[in-house]
Every structure is written in C-alpha cells, then in structure tokens.
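Undergrad: sequence first, then the predicted structure:
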Amino acid sequence: MNRNWIYVLLAGLVEVIWVMGLKYSNNTLEWLGTIVAITASFYLIIEAAKRLPVGTVYAVFTGIGTAGTVASEMLFFGEPFKLIKVLLICVLLAGVVGLKLVTSDHAEPEVSK
C-alpha cells in the first residue's frame, strides 16, 4: 500500500476522534485534544492530496470518518443500533473501496497556462 493512502487512512481515523471531540469535549484539555486531532487529520489529508487525486482522497477520507463516527456512536455512546444504518454504511464503504481500487496512485498532472 502506498504511503499516501496510509496517510488518508490515518487522517480518516483521526477524524473520528475530532468529531467525537466536537460533540463531547467538556473542558479545556479535551478541547485542546480536539484541536490537535483536527490539525493532525488535516495535515495528513493535505499531504496525501499533494500526491493523489484530490476527489478520491476526499471521498475516502470522509467515508472513513463517516463510517467510524457512526460505529463509534453505536459502540461507545449509546446510539441505538439500526440495521438499515449499518447496511448503508456498508454501501458507503463499498463505494470508498471501489474508488480506491479504480484510482491510480498518481495525481493528475497540473495544467500550466
């Protein structure tokens, strides 16, 4: 696996942390952790997008974040389990995996004018 795709995966996983932080932070230290997670997530995604197609990177990043956030809510924060929600997340992840499989590891060359 290309190092840049690992950046996208890590950025998506860290996104789950900062999204939870936005909802559940109650004190200065928790808010500071949320800000650090946002910074790390965006740094990783920006680095990956420099070398990979931006549209696919963003779709994979948000797909991982969405799926992870929904799963975290159900597993750790008491969100009710709904089969339809899980099935739709599986469809989302299938689309993300499909995009990754059909995308080359090289960004489109910039067009100079």
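TA: Ah, there it is.
Undergrad: what's near enough to touch V14?
TA: V14 sits next to 37, 40-41, 44 when contact means Cβ atoms under 8 Å, 6 or more residues apart in numbering. C-betas here are computed from N, CA, C, even on glycine.
Undergrad: any weak-confidence spans in this structure?
TA: Counting by pLDDT under 70, the chain shows low-confidence ranges at 1, 105-113.
Undergrad: where do the helices sit along it?
TA: Counting by DSSP state H, the chain has helices at residues 3-24, 28-49, 54-76, 83-102.
Undergrad: only the buried residues of the last one, if you could.
TA: Same thing as helix 83-102. Across helix 83-102, burial judged by 16 or more other Cβ atoms under 10 Å covers 89, 92, 96, 99-100.
Undergrad: ok, so of these, who is nearest N2?
TA: Closest approach between the buried residues of helix 83-102 and N2, by Cβ to Cβ: K100, at 10.1 Å.
Undergrad: out of everything not next to it in sequence, what's closest to that closest one?
TA: Nearest residue to K100 in three dimensions, chain neighbours excluded: V60, at 6.0 Å (Cβ to Cβ, 6 or more residues apart in numbering).
Undergrad: how many residues are close by that neighbour?
TA: V60 has 25 neighbours, counted by other Cβ atoms under 10 Å.
Undergrad: then G12?
TA: Residues lying near G12 (other Cβ under 10 Å) number 23.
Undergrad: ok, back up a step: using TSV, please lay out the buried residues of helix 83-102 together with distance to E30.
TA: Output for the buried residues of helix 83-102, formatted as TSV (distance: Cβ to Cβ, whole Å):
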residue	distance to E30
I89	26
L92	28
V96	29
L99	33
K100	33
